[in-house]
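here is my input, please return the structure:
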Amino acid sequence: MRRLALISITVLVTACTTFATAQYDNRYGAPDPTRHDQPKAPPTNLSYQQVIRPILNQRCVVCHACYDAPCQFKTTSWEGLARGGSKTLVYDPARLTAATPSRLYIDADKASEWRGKGFFPMLNEQEDTPEANRSAGLMYRMLKLKQDHAWLQGDAAHAKLDISPTRANMCPAGVEMDAYEQNVPLGGMPFALPAVSDEEYRLLTRWLEMGAPYEGLAPLPAAVSTEVENWERFLNGDSNKERLFARYAYEHLFLAHLYFDSDTQRNYFKLTRSSTPPGQPIREIASARPVDDPKVERVYYRLTREREEIVSKTHMPYRLDAQRMARWRALFLTPRYDVPTLPGYSEQTAANPFDTFSALPVGARYRFMLDEAEFTIMGFIKGPVCRGQLALNVIQDQFWVTFLAPSDDYDRKVDSLLRQSSELAALPTGSHNSSILLPWLRYGRLQNEYLAARNELLREVIKKPSDLDLDLLWDGDGRNDNAALTIFRHFDGASVVKGFVGDTPKTAWVIGYPLLERIHYLLVANYDVYGNLGHQFNSRLYMDYLRAEGESNFIMLLPKKDRIAVRDDWYRDDGNPVREQVYGGPNTTLDMESGVRYSSNDSKRELLEQMRKRLARVINTDLDWKKNTPTLLHAGLGKLATATGTSLQWMPESALLVVDMPDGKTRTFSLIRNTAHASVSHLLGEKQALVPEEDTLTLTPGIITSYPNALYRAKASELRLMADDLRKLHSEKDYAAFTQRWAMRRDNPQFWAFSDALHERFRKEQPKEAGILDYNRLEYR
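This is a model prediction of the structure:
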């Protein structure tokens with residue numbers, strides 16, 4: 001009976017939907033999916049680029065960008081608006097089969113093609129009249145719903161609308177909007193934020209009534225087009241040496257926002273694979289990953305103009321200039337070596353980059369990655385995963401990163417080991433893995449065998465304690481500030497910045513060439529965001545081994561007597577197999593005394609400080625608040641920055657603080673809560689591993705997080721009072737009172753003015769890093 005009832009309900013809903021659709025068609029005409037395959041030309045008095053685009057950037061892109069855009073509706077370009085939305089999640093850690101990719105500009109070219117892939121229109125696709133463009137257009141109706149039902153101030157709004165970061169997407173399509181308006185009247189756009197202004201609403205309405213016209217991108221300046229031609233010529237040489245190098249560059253730079261230093265307009269480009277050579281229109285090869293078989297006789301590497309707005313969470317700028325080209329020539333093209341044949345694109349090849357690129361000098365490969373190490377690390381911080389606790393609970397909340405100095409002898413030997421023993425270097429690859437436990441056990445065995453072989457090679461290089469000292473660390477060649485980095489995790493997001501930022505951390509990584517390459521191919525080049533459960537879990541589980549390898553390189557520099565205690569403090573309550581992994585693998589420890597001299601009982605802190613001194617010439621200090629803020633702020637900011645312990649557990653993972661100065665100007669700071677863990681070796685059950693009494697807070701000038709969970713505001717004279725309130729937090733109720741006093745909450749009528757000023761300072765003060773922030777994780781507490 002229950003089954004019959006469910007069938008009856010389904011039939012009834014389908015019948016109602018069909019009837020409602022017919023009513024719409026009778027009123028507004030039959031839908032034409034090709035209507036927005038090409039945009040209408042705008043009138044001279046209403047430019048998309050000059051008038052509409054800025055409104056969308058300020059009010060819509062803050063939530064609708066990247067893979068985690070609600071309902072996959074991307075407002076980052078006109079083509080994203082025309083594509084529409086989808087009920088299918090991109091981030092779905094539970095799916096058993098890989099999903100069909102749905103990347104804007106790659107997996108379909110026209111709106112009508114997206115309809116065939118299950119996307120529904122947000123712009124009206126029925127008759128082209130002002131009334132139809134309003135009433136049959138979901139974008140207008142969402143805006144109108146917010147105008148009619150303003151976001152309420154106070155707890156009443158919270159009770160009536162779920163705005164939690166884990167809420168289910170509500171994606172009404174077509175006639176489903178009628179029920180949505182009735183059932184979720186507070187769900188208009190912008191979602192859970194103040195409405196757009198009357199003038200913004202008037203302009204957007206007028207534009208939508210006209211059929212969403214668009215004039216296209218402005219032509220590139222001639223000088224920029226010339227730069228593109230020069231670089232495409234450089235990247236598409238005919239010799240095997242040139243072609244193999246170009247493939248290596250592509251597989252490391254495919255996520256980059258490439259720009260030319262000489263371009264004052266700062267146009268960005270993507271390095272893409274095309275089936276067509278320079279001089280012809282680009283036909284991008286739509287593979288799921290950059291390592292996949294392109295299935296063409298020859299690949300050409302082209303610079304595709306970035307057509308979407310730059311958003312902070314995916315912005316990875318990378319400069320191209322004459323100096324860069326000369327550097328790559330010197331590393332890869334000038335040296336004499338042979339590339340007799342080009343590698344293929346099998347799964348085995350994708351899993352072992354050491355074999356794939358064995359013909360390229362290993363030192364050149366390492367230098368390529370080190371030259372822009374922040375960008376290299378940023379690949380797995382900002383790369384394929386815009387959002388994911390599962391992907392990021394493998395790392396600590398704050399740690400420093402340094403690199404082993406390039407060593408022709410050692411790097412060549414390790415590279416040879418990984419090339420010849422290809423199974424040891426094999427990484428989880430593919431998007432359709434169905435098994436989890438067995439691959440994990442297998443990769444654990446292979447990792448231990450690799451560590452044993454690697455440590456044998458280390459013994460050939462490190463023969464006495466004086467060989468195991470800080471000279472092993474890359475010093476940036478005395479000029480490169482990529483030598484010292486800090487990584488922050490913000491629960492389901494992360495950041496990487498230059499410099500040793502914050503207090504000395506709990507852990508640190510020391511990364512050599514093989515480890516750096518493996519991290520990149522595991523989490524960036526080989527990672528498929530559309531992959532299935534097995535692919536995602538195996539990638540995450542394998543990263544446990546790579547994290548442990550980076551930590552073990554750091555532990556080697558500690559006195560022998562302290563290594564076990566430090567390791568055990570990092571992995572409390574874990575079994576011996578996990579702990580041994582961090583100490584170089586079972587029975588494979590490099591049992592050599594450190595050559596670093598110590599004078600205190602806290603060798604870990606002392607080592608971190610000695611590393612700071614070793615790299616002092618190149619450490620970037622832009623994020624040192626003491627050096628980059630007026631003296632009048634030091635007392636108040638210092639009280640915030642030194643907050644520790646259980647009161648911090650009520651604070652969000654990341655927040656932005658705007659300080660109003662006595663001279664009328666404002667300054668922006670980032671507040672990052674470093675959540676302490678007893679261990680990060682567990683895939684699930686993270687809450688049980690938290691140690692709130694060890695939480696710390698890092699304060700930096702400027703913006704270092706793409707996903708602020710909270711926005712605070714205080715006068716310079718109020719900072720110490722704010723710090724006192726923070727230290728008094730004992731409950732969620734206390735924090736709610738804290739936000740009432742200090743936060744720019746979602747329901748504040750001044751929210752958008754605050755947001756606009758925040759972004760304007762971001763662009764002005766941090767022009768290289770700046771992009772539109774993401775408010776999807778902005779709390780309401």
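
pLDDT wise, what is Y67 at?
Here, the pLDDT recorded for Y67 equals 88.

ok, for it, nearest residue in space, not its chain neighbours?
V90 (4.2 Å; C-beta to C-beta, 6 or more residues apart in numbering). Every C-beta, even on glycine, is put in place using the N, C-alpha and C of the backbone.

ok, the one you found to D68 distance?
7 Å (C-beta to C-beta, to the nearest Å).

those two - which one has more neighbours?
More crowded of V90 and D68, by other C-beta atoms under 10 Å: D68, with 23 against 18.

how near is the more buried one to R777?
9 Å.

before we move on, what about S164?
10 Å.

and what of R597?
45 Å.

can you check F738 too?
From F738 over to R777 (counting by C-beta to C-beta), the distance is 18 Å.

then L458?
Distance from L458 to R777, by C-beta to C-beta: 42 Å.

SS state for A770?
With DSSP: H, G, I helix; E, B strand; the rest coil as the basis, A770 sits in coil.

wait, isn't it in contact with S312?
Yes. Using C-beta atoms under 8 Å, A770 makes contact with S312 at a distance of 7.2 Å.

neighbour count winner among the two?
Set A770 next to S312 and count neighbours by other C-beta under 10 Å: S312 wins out with 23 against 20.

who touches D411 in this structure?
Counting by C-beta atoms under 8 Å, 6 or more residues apart in numbering, D411 makes contact with V362, G363, Y366, G512, Y513.

repeat that for E79.
Neighbours of E79 in contact, by C-beta under 8 Å, 6+ apart: L104, Y105, R307.

state the helix or strand in which the first one lies.
To tie it back to what came earlier, the one meant is L104. Using DSSP states H and E, L104 is not contained in any helix or strand.

who's in contact with it?
K74, S77, E79, G80, R83, E308.

for A716, give me its contacts.
Contacts of A716 (C-beta under 8 Å, 6+ apart): L632, L633, G636, V659, D660, M661, P662.

what is the neighbour count of the third one?
Burial of G636 is recorded as 21 neighbouring residues (other C-beta under 10 Å).

off-centre distance for the strand or helix carrying Y410?
Using DSSP H and E, Y410 sits within helix 408-420. On the basis of C-alpha atoms, centre = their mean, to the nearest Å, helix 408-420 is displaced by 31 Å from the centre of the chain it belongs to.

picking up where we left off before, my guess is the residue nearest to Y67 meets G531, correct?
No. If you go by C-beta under 8 Å, V90 and G531 don't touch, sitting 11.0 Å apart.

run a quick neighbour tally on E760.
11.

mind putting the contacts of A716 into TSV with pLDDT and secondary structure?
Shown next, in TSV, are the contacts of A716 (pLDDT from 0 to 100; DSSP: H, G, I helix; E, B strand; the rest coil):
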residue	pLDDT	secondary structure
L632	95	helix
L633	97	helix
G636	96	helix
V659	98	strand
D660	98	strand
M661	97	coil
P662	96	coil
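
list buried residues within these.
L633, G636, V659 (16 or more other C-beta atoms under 10 Å).

closest one to Q126 out of the residues you listed, please.
Of all the buried ones among the contacts of A716, Q126 sits closest to V659, with 50.8 Å by C-beta to C-beta.

domain parsing for the protein?
The record's domain split for the chain, according to automatic domain parsing, is 31-45+61-87+96-201, 388-620, 631-765.

so for R597 and R777, which residue has more residues nearby?
Legend: neighbour count by other C-beta under 10 Å for R597 and R777, higher for R777 (23 against 10).

in which helix or strand does the more buried one reside?
Per DSSP H and E, there is no helix or strand for R777.

these two touch, right, it and P165?
Yes. Under the criterion of C-beta under 8 Å, R777 makes contact with P165 at 4.9 Å.

overlap in contacts of those two?
Both R777 and P165 are in contact with D492, where contact means C-beta under 8 Å, 6+ apart.

gap between the closest residue to K313 other than its chain neighbours and P93?
Nearest residue to K313, sequence neighbours excluded (C-beta to C-beta, 6+ apart): S706, at 3.8 Å. According to C-beta to C-beta, S706 stands 21 Å off from P93.

what about those two, which has more around it?
Ranked by neighbour count (other C-beta under 10 Å), S706 and P93 place S706 first, with 25 against 14.

quick one, what contacts the more buried one?
So S706 contacts V311, S312, K313, K382, G493, S495, G771, L773, D774 (C-beta under 8 Å, 6+ apart).

what would those look like in CSV with secondary structure?
What follows is these, written out as CSV (three-state DSSP):
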residue, secondary structure
V311, strand
S312, helix
K313, helix
K382, helix
G493, coil
S495, strand
G771, coil
L773, coil
D774, coil
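
and which of those is nearest Q750?
Lowest distance from Q750 to the contacts of S706 (C-beta to C-beta) belongs to L773, with 17.0 Å.
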